[in-house]
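K.L.:
Turn this into a model:
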Amino acid sequence: MSNQFLPFLQNRRTIYAIGKNLSQTPEQLTKVIQEAIRQSPSSFNSQSSRAVILFNAEHEKFWGFVKDKLREYATDDAAAVKTSAKMDSFAAGVGTILFFEDQDVINELQEKFALYAENFPIWSEHSTAMAQLAVWTALAAENVGASLQHYNPVVDDKVHAEWEIPSSWKLRAQLVFGSIEAPASEKSYIDDSSRFKVFK
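P.N.:
All right, here's what the predicted structure looks like:
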């Protein structure tokens, strides 16, 4: 059996060592990101996923906000230095995609389909997860390294104010990306027998 999709999934890895040495332009990468999100499934075709794409100085500004906010939580100087270095490693990339879910869309669905009301927030999380995977995999196919981060909700207020984000958009994740400066570490897998059950 020949499957052309699985190699793309296998190529999608968490890349922490990223840089600014990409051949693609922001315009080219934006098209890839937008199309990946556009083609991602959502419950009732709600299309609730939203994204803010930050490049270059705007991307660095975001990680500066995160670094400043996390300083408030540092327990000692060593922790502050370690956190600062980690944020700098993210800022070393080219861009960051802020993934949101539009709560107005979810609320409307809850009102329209009351029988499933409690499920729509759950299905919204499914939608954003699929959009994140789609974008991450599409970027990997372009030989762009990325890692998925979650610094929400500590920077939510700053993000909404700085980039004039609608209040109904709820931040769910951040995908930071750039050139691959070092490969991902070896990945291990648990045994299939403990993960899958197949009945024929």
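
K.L.:
packing partners for the one helix or strand in the chain whose mean pLDDT sits lowest?
P.N.:
The weakest-scoring helix or strand in the chain, judged by mean pLDDT, DSSP states H and E, is helix 77-91 (a mean of 89). Under the contact definition 3 or more C-beta pairs under 8 Å, 6 or more residues apart in numbering; DSSP states H and E, helix 77-91 sits against helix 56-71. All C-beta atoms are positioned from the backbone trio N, CA, C, and that covers glycine.

K.L.:
Kindly recompute the last result at 10 Å.
P.N.:
Contacting helix 77-91 under the criterion 3 or more C-beta pairs under 10 Å, 6 or more residues apart in numbering; DSSP states H and E are the following elements: strand 18-19, helix 56-71, strand 145-149, strand 169-180.

K.L.:
hang on, residue 73 packs against residue 80?
P.N.:
Yes - between residue 73 and residue 80 there is a contact under C-beta atoms under 10 Å: 9.3 Å.

K.L.:
ok, the two, which is more surrounded?
P.N.:
residue 80 (16 against 10; other C-beta atoms under 10 Å).

K.L.:
Surely that one touches residue 68?
P.N.:
No - using C-beta under 10 Å, residue 80 and residue 68 do not qualify as a contacting pair, with a distance of 11.1 Å.

K.L.:
what is the orientation angle of the top helix by length along the chain with strand 145-149?
P.N.:
In the chain, with assignment by DSSP state H, the single longest helix is helix 120-141. Between the direction of helix 120-141 and that of strand 145-149, the angle (axes from the mean of the first three to the mean of the last three C-alpha atoms, to 10 degrees) works out to 160 degrees.
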